[in-house]
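A.B. asks: Next input, structure requested:
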Amino acid sequence: MTASTNTAVPLTRRAKAWLVTEGELGHDHAGKPWWKVMCLTGVDYFSTLGYQPGIAALAAGLLSPIATLVLVALTLFGALPVYRRVAEESPHGEGSIAMLERLLSFWKGKLFVLALLGFAATDFIITMTLSAADASAHLIENPSLHPYLAGHQVAITLVLLALLGAVFLRGFTEAIGVAVALVVSYLGLNVIVIGVAFWHIAQAPALVPDWKHGLVAAHGNPLAMVGVSLIVFPKLALGMSGFETGVAVMPHVSGDAGDTEARPTGRIRGTRRLLTTAAVLMSAFLVTSAFATTLLIPAAQFKAGGHANGRALAYLAHLYLGNGFGTVYDASTIAILWFAGASAMAGMLNLIPRYLPRYGMSPEWAGAVRPLVLILTLAAFVITWIFHASVDGQGGAYATGVLVLFTSAATAVTLAARRAGQRYRSVGFAVIALVLAYTTVSNVVERPDGVKIGACFIAAIVLVSLLSRIKRVFELRATEIDFDATSRVFLRDCARRTIRLVAHKTEDRDADEYVAKVRQLRRDHDLPSDPDVVFVEVTVVDASDFEGQLHVRGEVLHHRYRVMSVNASSVPNALAALALRIRDDAGVIPHVYFEWTEGNPVQQLLRFLLFGSGEVAPVTREVLRRAEPDPARRPHVHVG
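C.D. replies: As a prediction, this is how the structure comes out:
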């Protein structure tokens with residue numbers, strides 16, 4: 001019994017250490033050429049050819065090629081200009097969420113960003129589950145494997161997702177090299193399949209006239225066709241998360257020799273080329289594949305149970321090029337669809353740590369890759385089970401996540417252009433934002449699954465963030481502290497005697513205010529004469545920020561009162577961090593003086609949690625107690 005217990009403890013500790021160790025995401029600080037990085041985001045974007053033509057046929061029927069043309073127009077003249085501007089405004093991979101975060105402040109801004117993160121999670125998680133489900137569909141419908149795998153789509157999808165999670169638990173490296181090989185081979189095979197399909201269309205002259213006749217009979221005139229295409233557009237908005245991924249992978253793009261961190265011009269130019277090239281390539285494949293599959297595949301085969309359901313181009317590959325080539329095409333499709341999930345997972349692992357630590361999420365969860373991988377994989381399992389690994393069933397949720405992010409991006413660039421005084425551009429972006437808002441609302445009304453899943457992610461993110469923030473509320477929360485020249489002189493002079501810091505809530509900063517404070521300090525602490533003190537004035541700028549840098553500014557007011565001013569998100573945490581830093585720099589344990597705050601203790605606690613003030617003295621004492629376990633080295637706290 002004892003031996004077993006002693007063995008279990010080290011194993012548990014080793015498991016925990018492995019879990020919270022930061023993994024690798026294959027970052028290359030030297031950067032890669034833009035076209036190679038395009039392949040990394042392309043495994044998500046281009047892989048949708050595996051299921052997009054089939055879903056388009058189900059949504060639009062004979063109108064599929066026209067509806068796809070509308071989708072391409074909105075992509076090239078709507079989404080592409082928006083994300084080219086996003087790349088310019090946020091060149092470090094933060095995306096449009098960061099642009100909106102800069103425009104909004106305080107709790108409303110944080111909650112809005114958390115809501116967008118919820119929809120981003122919907123987008124990326126559904127990308128994983130949708131891609132894995134379609135990969136399993138290609139496996140099952142392969143003629144050689146169908147007798148053995150039929151009826152096991154959910155199990156196969158879960159296995160693929162588990163393998164994806166295992167890759168990230170192990171470590172995700174050399175992603176760009178693998179992505180280049182997958183994208184080049186997959187697009188090459190699609191060129192062959194679509195080319196052969198068009199040859200067969202040319203060999204059957206009646207196909208095109210019959211299609212036109214059926215189109216006119218069903219929809220009447222071109223204007224009606226465009227109108228219906230706009231209505232079904234949300235169902236076709238698949239794979240467009242590649243724009244979000246394209247911005248997220250910006251740090252991988254190599255720039256110019258003269259690039260700076262503040263303005264990486266070469267990286268921005270390369271990313272804009274990446275976005276444009278990917279959009280043009282995908283548009284060409286979408287239009288040609290929609291036309292070929294609509295004319296050559298019977299409508300019944302697109303429906304659930306049909307051999308072209310979720311795999312229209314694979315159906316043509318087997319039909320016209322034989323099972324041997326079809327199996328090679330299936331293998332390539334399965335590989336890129338599975339790796340598309342890897343692209344989505346990497347996007348989430350890059351996105352979450354950019355925001356949640358600043359909002360108070362625990363560093364163990366936000367900074368370590370493996371716990372996040374387990375959480376995201378588990379979420380993918382649940383969604384796969386809910387939708388029974390159905391490609392068609394997940395389309396609405398996927399489109400909702402994509403369209404919400406597109407709308408937020410269009411709104412962000414509209415506001416950025418307006419702020420820059422670019423009137424005509426802001427009007428153009430506003431029109432795009434309105435179109436995307438319409439499509440988002442239309443998709444939500446018709447298929448509310450995406451909102452439901454997004455709401456679940458939003459609730460989970462907000463709840464975890466708030467609970468973690470409350471748990472960490474007594475941390476120091478200062479990432480860095482720097483003193484200006486004047487404040488350093490104050491500390492150098494005071495280090496020769498007792499350092500007395502007076503927490504002071506300033507109002508008018510007139511001389512009488514400081515005279516009264518010194519008198520109160522002398523009276524409350526029974527000091528024989530006016531003490532030699534340094535006033536510390538903390539101004540709460542944005543209490544919703546959890547952590548940040550402290551810049552200490554020193555000044556002499558009214559020719560005699562030394563004052564150190566600092567902006568922070570919380571008064572007591574800043575005072576505690578400042579006292580500990582002064583102790584370490586000066587080699588003397590400082591004394592910090594407070595006065596009791598009047599008011600209900602519960603109200604004061606809520607003021608501290610929400611607004612960073614409240615009852616400062618006891619909270620500062622508790623922060624110091626947790627930060628410095630040795631009482632002999634802990635700054636002294638006096639309350640009068």
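
A.B. asks: Give me the residues contacting the lengthiest strand in the chain.
C.D. replies: Counting by DSSP state E, the longest strand found in the chain is strand 548-557. Residues outside strand 548-557 that contact it (C-beta atoms under 8 Å, 6 or more residues apart in numbering): 358, 477-490, 509, 511, 514, 562-569, 574, 577-578. For the C-beta atoms, the positions are set from N, CA and C on the backbone; glycine is no exception.

A.B. asks: which ones among those are found in strands?
C.D. replies: Using DSSP E, the contacts of strand 548-557 in strands are 478-483, 562-568.

A.B. asks: Farthest-apart pair in those, please.
C.D. replies: Thr479 and Arg562 (25.9 Å; C-beta to C-beta).

A.B. asks: okay, these two: which has more neighbours?
C.D. replies: Taking neighbours as other C-beta atoms under 10 Å, Thr479 and Arg562 compare with Arg562 leading, 21 against 12.

A.B. asks: could you check the distance from the more buried one over to Glu94?
C.D. replies: 40 Å (C-beta to C-beta, to the nearest Å).

A.B. asks: Please give the element, helix or strand, for Pro81.
C.D. replies: Assessed by DSSP states H and E, Pro81 sits inside helix 80-89.

A.B. asks: What helices and strands are in contact with the helix or strand following that helix?
C.D. replies: Where DSSP H and E defines the elements, the next helix or strand beyond helix 80-89 is helix 96-103. Packing partners of helix 96-103 (3 or more C-beta pairs under 8 Å, 6 or more residues apart in numbering; DSSP states H and E): helix 80-89, helix 106-141, helix 312-355, helix 391-419.

A.B. asks: buried sites along the last one?
C.D. replies: For helix 391-419, burial by neighbour count (16 or more other C-beta atoms under 10 Å) applies to 391-417.

A.B. asks: Pull out the buried members of the contacts of strand 548-557.
C.D. replies: Buried by 16+ other C-beta under 10 Å: 358, 477-478, 481, 483, 487, 490, 509, 514, 562-569, 574, 577-578, out of the contacts of strand 548-557.

A.B. asks: that's a strand at Val637, yeah?
C.D. replies: Yes: assessed by DSSP: H, G, I helix; E, B strand; the rest coil, Val637 belongs to a strand.

A.B. asks: I'd like to check which residues are in contact with Ile97.
C.D. replies: If a contact means C-beta under 8 Å, 6+ apart, then Ile97 has Val113, Leu116, Leu117, Ala120, Leu351, Tyr355, Ser408 as its contacts.

A.B. asks: Toward the C-terminus from the host helix or strand of Asp210, list the very next helix or strand.
C.D. replies: Element membership of Asp210 [criterion: DSSP H and E] is helix 207-219. Counting by DSSP H and E, the next helix or strand C-terminal to helix 207-219 is helix 222-236.

A.B. asks: Check which residues of that following helix are buried.
C.D. replies: Of the residues in helix 222-236, Met225, Val226, Val228, Ser229, Leu230, Ile231, Val232, Phe233, Pro234, Lys235, Leu236 count as buried by neighbour count, 16+ other C-beta under 10 Å.

A.B. asks: go on, stretch 312-320?
C.D. replies: So, applying 16+ other C-beta under 10 Å, buried residues of stretch 312-320: Ala312, Leu313, Ala314, Tyr315, Leu316, Ala317, His318, Leu319, Tyr320.

A.B. asks: residue boundaries of the helices in the stretch 151-300 of the chain?
C.D. replies: Assigned by DSSP state H, counting those that start in this stretch, the helices in the stretch 151-300 of the chain fall at 153-170, 175-203, 207-219, 222-236, 241-248, 265-296.
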